[in-house]
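Enquirer: mind folding the following:
(chains A, B, C and D)
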2 protein chains.
Amino acid sequence: MARRTQGVSAGLDRGRIAAAAVALIDRDGLEVFGVRRLAQELGVDPMSIYHHVKGKAALLDAVSEAVLAEVAAVPDDDTSPGWEEIARRTAHEYRAMAYRHPRIFPLLVTRAQTSAVAVSALERLVTAMRAAGVPDQAVADAPMVLFGFLNGHLLARTIEEPGAVPAFDAAVYPAMAALTPLMTDFGSTAEFDRMLGTVLDGIRRRAAPDRP
Amino acid sequence: MARRTQGVSAGLDRGRIAAAAVALIDRDGLEVFGVRRLAQELGVDPMSIYHHVKGKAALLDAVSEAVLAEVAAVPDDDTSPGWEEIARRTAHEYRAMAYRHPRIFPLLVTRAQTSAVAVSALERLVTAMRAAGVPDQAVADAPMVLFGFLNGHLLARTIEEPGAVPAFDAAVYPAMAALTPLMTDFGSTAEFDRMLGTVLDGIRRRAAPDRP
DNA sequence: CTTGTCAAACCTACAGTGTAGAAACTACCG
DNA sequence: CGGTAGTTTCTACACTGTAGGTTTGACAAG
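Expert: Numbers count the residues shown, from 1 in each chain, chains lettered A, B, ... in the order given. Below is the predicted model:
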């Protein structure tokens, strides 16, 4: 048992701890995740972690913050993309993150998101919408509607096993059963894009209220 | 300490246990909820619960099932409401349930919903849409989009303390800060109705694809 | 070189958890 | 009366988060 000696630094800090925790949860899942396991993975005493993170709740905050930070960079490559394009790209980045960390995503959505990366993503979208002359109320609502949908939808996909198309009893639920052939792309990019498009349609409708 | 004698029935069953658990979580919260507390509330030994429910996970399943069952009855009072009306009513029932049990709702959305009440609600909506001649793909997508939004949006409301309007630093996030006056109805019925309307607009657009 | 201070890591211990396994008790059926 | 089935309780165990105290090395001042 290779024990560390006391007092000598193990190079721990919030970032390294969070990164290790992310990897560990990705591998083994949230249910069995704990301070002791994480410490073992880091080759460190469990209590050492508590010198950098206040408690388990703060540890999970750090994890969700680290994962959310991955989605920060929506590239501003071309010239002022327009708000729909920004929304679409951000949504796809967000989705990619969720699929990269399916066992962490439930953690993300059950915590309030006030971190800098989250807010700055909203700021970018909202700025573009105002620049396009969208009415203020529609602008204010748009990110809430969009991320409401994203969180709920992606949560449903990350909970289930991948490729789990539900089966409905045709005798009791004939309509649902009849539609199951159209749900076989459950979890696919195409399905996501279609539903995202539906939500964006709704937002666009409110963005230009002088259309029928 | 009034102990029960062994062997004599305490009238336990899955339903009573679930109901007590719901009340307990509503009162004290999910974090401190446990088998021992629940047993004490029921005046029963902790292990007695395990004879009716397989484990803690199954117990939480029962809780979420019980809460979801509250939303079962969307009244069919008037004559064939039309799918938009059905969707709107179901959404409001669902929201009311979420606000009745804010500490349980996070549990609901992190579990796959295959229970009878959940599916039959979908069946009703989907049947109405087909009867209205909506294209099949739009029908199949509609409940996923709707409940995706509902779960995500309501989750965000139930996590936060009620009436918590976020404050943004105007120097860093000018657009978000400028819009905060329009977010003061955070969590209100009016806000919900507006955003629900946005999503339904999107669904309606896909339901009638021959409009521009 | 000595001494003091500080931060980082470790060790110990404790209350609390979910739950496996067995024992105790009642009720019913023959 | 005896057996059997069904509930409830008892006991015990491995495990959790974490409070409190101890050890160690690094660095600066005297």
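Enquirer: point out where chain A drops to low pLDDT.
Expert: Applying pLDDT under 70 to chain A picks out residues A:1-3, A:7-10, A:73-79, A:162-163, A:209-212.
Enquirer: how about 90 then?
Expert: Counting by pLDDT under 90, chain A contains low-confidence ranges at A:1-12, A:72-81, A:112-118, A:160-167, A:208-212.
Enquirer: domains in it, by residue range?
Expert: A:14-68, A:76-207 (automatic domain parsing).
Enquirer: pick the most buried one from the ones you listed.
Expert: domain A:76-207 (a mean of 18; mean count of other C-beta atoms under 10 Å in any protein chain shown). (Glycine included, C-beta is placed from N, CA and C.)
Enquirer: so how far is chain B from A:Ala128?
Expert: From A:Ala128 over to chain B the distance is 9 Å, taken as C-beta to the nearest C-beta, to the nearest Å.
Enquirer: now swap in A:Ala156 and tell me
Expert: According to C-beta to the nearest C-beta, A:Ala156 and chain B sit 7 Å apart.
Enquirer: for that residue, list the residues it contacts.
Expert: By C-beta atoms under 8 Å, 6 or more residues apart in numbering or on different chains, the residues touching A:Ala156 are B:Ala112, B:Met144, B:Phe147, B:Gly148, B:Asn151.
Enquirer: now the strands for chain A?
Expert: Read by DSSP state E, chain A holds no strands at all.
Enquirer: can you list the residues of chain A near DNA strand D?
Expert: Counting by C-beta under 7 Å from any atom of the strand, the positions of chain A adjacent to DNA strand D are A:5-8, A:32-37, A:46-47, A:50, A:55-57.
Enquirer: and the two most separated of these?
Expert: Maximum pairwise distance among these (C-beta to C-beta): 31.1 Å, between A:Gly7 and A:Val32.
Enquirer: so who does the closest residue to A:Met144 other than its chain neighbours touch?
Expert: Using C-beta to C-beta, 6 or more residues apart in numbering or on different chains and skipping the chain neighbours, the partner closest in space to A:Met144 is B:Met195 (6.2 Å). By C-beta under 8 Å, 6+ apart, the contact list for B:Met195 reads A:Asp141, A:Met144, A:Val145, A:Gly148, B:Phe149, B:His153.
Enquirer: give me the distance between B:Met195 and A:Leu200.
Expert: 14 Å (C-beta to C-beta, to the nearest Å).
Enquirer: turn the domains of chain A into a markdown table, columns for distance to DNA strand C.
Expert: Formatted as a markdown table, the domains of chain A follow (distance: least, C-beta to the nearest atom of the strand, whole Å):
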| stretch | distance to DNA strand C |
| --- | --- |
| domain A:14-68 | 3 |
| domain A:76-207 | 18 |
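Enquirer: which one of those lies nearest to B:Asp26?
Expert: Closest to B:Asp26 of the domains of chain A is domain A:76-207 (C-beta to C-beta; 17.4 Å).
Enquirer: quick revisit: including distance to B:Leu42, could the domains of chain A go into TSV?
Expert: Compiled in TSV, the domains of chain A are given as follows (distance: least, C-beta to C-beta, whole Å):
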stretch	distance to B:Leu42
domain A:14-68	26
domain A:76-207	28
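Enquirer: tell me where chain A has helices.
Expert: Here chain A has its helices, by DSSP state H, at A:14-28, A:35-42, A:46-49, A:56-69, A:83-100, A:105-109, A:116-131, A:136-159, A:174-179, A:189-207.
Enquirer: show residues contacting the fourth one.
Expert: Applying C-beta under 8 Å, 6+ apart, the contact partners of helix A:56-69 are A:14-15, A:17-19, A:21-22, A:25, A:34-35, A:38, A:49, A:53, A:97, A:101, A:104-105, A:107-108, A:111, A:113, A:115, A:117-118.
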